[in-house]
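Colleague: Need coordinates for the following:
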Amino acid sequence: MKDRKSFLLRMNPELYREIEAWAQQEMRSVNGQIEFLLRRVVRERLKGKAREKEDREEEGSCQYPE
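Modeller: Predicted coordinates:
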């Protein structure tokens, strides 16, 4: 099994209950649900950064007619 980083997470009890219910619906532990959600958000963020980089590169490579 891969090494995993352990840390303490404090959250609002209402938020915890919502995540716990969601995790049960998806047959995951609360920890597994939080990790799943974080992975999805990070993946979306990285895709957004890649799109931003592509946009900047396209803007920089634009050649204007003389």
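
Colleague: worst-scoring helix or strand of the protein, pLDDT-wise?
Modeller: helix 30-60 (a mean of 89; mean pLDDT, DSSP states H and E).

Colleague: Residue nearest the middle of the protein, spatially speaking?
Modeller: In the chain, the centroid-proximal residue (Cα atoms, centre = their mean) is residue 41; its distance is 1.6 Å.

Colleague: Just list the residues touching it, thanks.
Modeller: By Cβ atoms under 8 Å, 6 or more residues apart in numbering, residue 41 lies in contact with nothing. (C-beta placed from N, C-alpha, C; glycine too.)

Colleague: With residue 50 as the reference, measure out to it.
Modeller: As for residue 41, its distance to residue 50 is 15 Å (criterion: Cβ to Cβ, to the nearest Å).

Colleague: Repeat that for residue 23.
Modeller: With distances taken as Cβ to Cβ, residue 23 is found 30 Å from residue 50.

Colleague: does residue 7 count as helix, strand or coil?
Modeller: coil (DSSP: H, G, I helix; E, B strand; the rest coil).

Colleague: repeat for residue 3
Modeller: Applying three-state DSSP: residue 3 is coil.

Colleague: Distance check, it against residue 45.
Modeller: Counting by Cβ to Cβ, the gap from residue 3 to residue 45 is 23 Å.

Colleague: higher neighbour count, residue 23 and residue 50?
Modeller: residue 23 (18 against 10; other Cβ atoms under 10 Å).

Colleague: Run a quick neighbour tally on residue 35.
Modeller: Residue 35 is flanked by 13 other residues according to other Cβ under 10 Å.

Colleague: Actually, residue 33.
Modeller: 19.
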